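[1] below: sequence and its predicted model.
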Protein chains: 2
Amino acid sequence: MLRMAEPLIHHRSAEFRSLLSRVTAHLGYLFQTGDPVLTLTCSGTGGVEATFVSLFSPGETVIVLNGGKFGERWVQMGRAFGLEVVEIRTPWGEAADPLVVASALRAHPHASGVYVTHCETSTGTANDVREIARVVRENSRALVCVDGISSVGALELRCGAWGVDVCVTGSQKGLMIPPGLAFVSLGERAVRAASESKMPKYYFDLGTALRAHERGDTSWTPAIALVQGADASLAMIRGEGMENIWSRHARLAGGLRAGVAALGLSLFSSSPSNSVTAVRLPGGVEWTAFAAALRKGSGVTFAGGQAEQAGKIFRIGHLGYIDEPDILTAVSAVERALSACGFAFDRGAGLRATEGEFFRLTAHGGGR
Amino acid sequence: MLRMAEPLIHHRSAEFRSLLSRVTAHLGYLFQTGDPVLTLTCSGTGGVEATFVSLFSPGETVIVLNGGKFGERWVQMGRAFGLEVVEIRTPWGEAADPLVVASALRAHPHASGVYVTHCETSTGTANDVREIARVVRENSRALVCVDGISSVGALELRCGAWGVDVCVTGSQKGLMIPPGLAFVSLGERAVRAASESKMPKYYFDLGTALRAHERGDTSWTPAIALVQGADASLAMIRGEGMENIWSRHARLAGGLRAGVAALGLSLFSSSPSNSVTAVRLPGGVEWTAFAAALRKGSGVTFAGGQAEQAGKIFRIGHLGYIDEPDILTAVSAVERALSACGFAFDRGAGLRATEGEFFRLTAHGGGR
């Protein structure tokens, strides 16, 4: 964090260009792609907007997978820009079925893009991006557009090898720096689409951003302090290695899931993400009392459920620079809070199960 | 700066809402308005885009004053969003004539907005926002839209009293925190216009931002570290007081102008801004040699000219937390670099004149 309090360099200097080119190279590694990855000054939502306005023209059809708050946001966004949005709804907590995607593509053979949220944060659900990308590539000419906002740097994602045309993430997720930057990878087919897009745009024009990128620059004044933070963060990511990062997240999520199961709680998602875990509140435990007990007993805050799941689930985020002790702390906090709420369970069972799962996964090679 | 390296608070917490409401109240003071001032995560250019897409509908007419790179950018931006842009061009280095604005309004009585760049950074020119706002209000129902990106917090600007409907600034200018936030004030007539706008938009929808503002929130995840920085910066601004800040900038700019004049150099602008000074390079002094001499002799970087003025002028920025010693340092750097370039002048004359002007302005009450 201190890196961001360093004196700022000027964004039209050779020093900034060298910083940006280092960040850009590391972003390619993070996204596992040889495509350019552009740095925009906005939140992740702004990054997704840049893809909508830069790659399509009003009236074109895009298919959007909607299984939660974020999928819903991309549906609204596409419609706001005059796209014909075909919505594939999935019940909250379930992953999208690639076969349903294939049949939507048959029904809409001229679809120009398919949007998939890799990790739906609102429900703790991971979608099978690899399989969906394969299906889209095999059945259509639509661009594979991935919301990687809470997955890049946590869940296995190989944009290059899997044929992802565009992927967006935000600075505050897998990179664990403060929010304010979005990163957007742009494959060759997406670059071509950008050159044909008729959507009105200016700030979020990825064509402009790509030309600036080619001369080692950004379109507009960037959030320089955050670019400096990203540089430090990406160096750490490079040091650990993507495969190790993915297996660490798998191990931590596995340990957490084992822990909550041992307490008699059940997961909300049938396809749980390795970056965020949504857990059903057990009968008799009220969300407000549980949240207050968490704060009081452990000084910990978990997110509650959103919209239809408000008061019914709680969500534990675990992406970025976290390790086993953080998960044990979370499980212990859940135990204390459940206890304070009068819920009956075998105390310590969660911690024991979490640690057991860590051992098991480490022994099986998940722990390198 | 260290304030930004503090642990981040979560943006959906009571703590963030209290931070944001403090920042918002201080922003009203900075803009000198009782209107809401919204915080967006983007550069100043993004803030201006938010006004174009939120206040107008495709096909409407807006008048844009263009006397440099930024005026030109707003012309392009308006056209990118399908607006009929009436461009009032002013030669670089000259302020726009309010009478010309009045006649443009007579020729285009249905114009929905007039955009004026308060300080045109590319030329170091200040426009008379007060008079232009008066003319617009008297002659039309058009919204007065002010690019205050390099003026807010430096040049006298009273959005409320002067009838400015919308004003935009960026975090890295008068606030002197890193770039990444834009602030947009929204008067009553602008709020009404926002409710009628038919422009496609999502991220930059000021209607959404206003509703979020009313519940103490932002539309999307904000650049929290920068909001924390703005809080510290605005407390300093409040402590010094706007009138004092304006007179400090007037005094510093006056001292700098006296200094360069005493060296035999001339200003580029006939209406020089108190936040940035553009100076003509004297005959026989080449820009690249001058810039290199500045770096070598004093470790200082000044901006060069842009577009048609490249190689012909240099620009010294002086807005934010700067004081008399910074201006003396700048004048001394100019003297050294001119000397290194073989330009003949009375050495020390610049410093003497600058200091003399500081004394004079302080004695006349400009120094409080």
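    Yep, it's here.
[2] let me know how buried the residue in the stretch 201-350 of chain A that chain B sits nearest to is, in neighbour terms.
    Residue nearest to chain B within the stretch 201-350 of chain A (C-beta to the nearest C-beta): A:Ala223, separated by 3.1 Å. C-beta here means a position set from N, CA and C on the backbone, and glycine is covered the same way. Neighbour count for A:Ala223, taken as other C-beta atoms under 10 Å in any protein chain shown: 33.
[3] state the pLDDT value of the nearest residue to it once chain neighbours are set aside.
    Using C-beta to C-beta, 6 or more residues apart in numbering or on different chains and skipping the chain neighbours, the partner closest in space to A:Ala223 is B:Gly180 (3.1 Å). Per-residue confidence (pLDDT) for B:Gly180: 94.
[4] what residues of stretch A:32-51 count as buried?
    A:32-33, A:35-51 (16 or more other C-beta atoms under 10 Å in any protein chain shown).
[5] kindly format the C-alpha coordinates of it as PDB.
    Written as PDB, here are the backbone C-alpha positions of stretch A:32-51 (Å, rounded to 0.1, in the frame of the first residue of the first chain):
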ATOM      1  CA  GLN A  32      -2.800 -15.700 -19.600                       C
ATOM      2  CA  THR A  33      -2.900 -14.100 -23.000                       C
ATOM      3  CA  GLY A  34      -0.700 -12.600 -25.600                       C
ATOM      4  CA  ASP A  35      -3.400 -10.000 -26.400                       C
ATOM      5  CA  PRO A  36      -3.000  -6.400 -25.300                       C
ATOM      6  CA  VAL A  37      -4.500  -5.700 -21.900                       C
ATOM      7  CA  LEU A  38      -5.700  -2.100 -21.600                       C
ATOM      8  CA  THR A  39      -5.700  -0.100 -18.400                       C
ATOM      9  CA  LEU A  40      -8.700   2.200 -17.900                       C
ATOM     10  CA  THR A  41      -9.500   4.600 -15.100                       C
ATOM     11  CA  CYS A  42     -12.900   3.500 -13.800                       C
ATOM     12  CA  SER A  43     -14.400   0.700 -11.800                       C
ATOM     13  CA  GLY A  44     -14.900  -2.800 -13.200                       C
ATOM     14  CA  THR A  45     -18.400  -1.800 -14.300                       C
ATOM     15  CA  GLY A  46     -16.900   1.000 -16.400                       C
ATOM     16  CA  GLY A  47     -14.600  -1.700 -17.900                       C
ATOM     17  CA  VAL A  48     -17.500  -3.800 -19.000                       C
ATOM     18  CA  GLU A  49     -19.200  -0.700 -20.400                       C
ATOM     19  CA  ALA A  50     -16.100  -0.100 -22.500                       C
ATOM     20  CA  THR A  51     -16.600  -3.500 -24.100                       C
END
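[6] rewinding a little: which of the buried residues of stretch A:32-51 fall in helices?
    Judged by DSSP state H, these include A:44-51 as members of helices.
[7] so chain A: which segments form each domain?
    Under the assignment automatic domain parsing, the domains of chain A span A:2-240, A:242-366.
[8] out of those domains, which one sits most buried?
    The highest average neighbour count among the domains of chain A, using mean count of other C-beta atoms under 10 Å in any protein chain shown, belongs to domain A:2-240 at a mean of 21.
[9] coming back round to it: the ones in helices among the buried residues of stretch A:32-51 also near chain B: which ones?
    Applying C-beta under 8 Å from any C-beta of the partner chain, the subset of those adjacent to chain B comprises A:44-46, A:49.
[10] can I get these in CSV with pLDDT?
    As requested, those are exported to CSV (pLDDT from 0 to 100):
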residue, pLDDT
A:Gly44, 96
A:Thr45, 97
A:Gly46, 97
A:Glu49, 98
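[11] so which helix or strand takes in the nearest residue to A:Ala230 once chain neighbours are set aside?
    Spatially, and ignoring its direct neighbours in sequence, A:Ala230 is nearest to A:Val23 (5.4 Å; C-beta to C-beta, 6+ apart). Assigned by DSSP states H and E, A:Val23 belongs to helix A:14-31.
[12] centroid-nearest residue for chain A?
    Closest to where the C-alpha atoms of chain A average out (C-alpha atoms, centre = their mean) is A:Ser150, at 1.8 Å.
[13] so which strand or helix has it?
    Assigned by DSSP H and E, A:Ser150 falls within no helix or strand.
[14] repeat for A:Val86
    Judged by DSSP H and E, A:Val86 forms part of strand A:84-89.
[15] after that strand comes which helix or strand?
    Next element after strand A:84-89 (DSSP H and E): helix A:98-107.
[16] now for that following helix, which elements pack on it?
    Packing partners of helix A:98-107 (3 or more C-beta pairs under 8 Å, 6 or more residues apart in numbering or on different chains; DSSP states H and E): strand A:61-66, strand A:84-89, helix A:129-139.
[17] how about 6 Å then?
    Secondary-structure packing of helix A:98-107 (3 or more C-beta pairs under 6 Å, 6 or more residues apart in numbering or on different chains; DSSP states H and E): helix A:129-139.
[18] hang on, the earlier thing: pick the one among the ones in helices among the buried residues of stretch A:32-51 closest to A:Gly239.
    A:Gly44 (24.5 Å; C-beta to C-beta).
[19] and the residue nearest to the closest one when sequence neighbours are not counted, what does it touch?
    Excluding the flanking residues, the one nearest A:Gly44 by C-beta to C-beta, 6+ apart is A:Gly170, at 3.2 Å. Contact partners of A:Gly170, counting by C-beta atoms under 6 Å, 6 or more residues apart in numbering or on different chains, are A:43-44, A:149, A:182.
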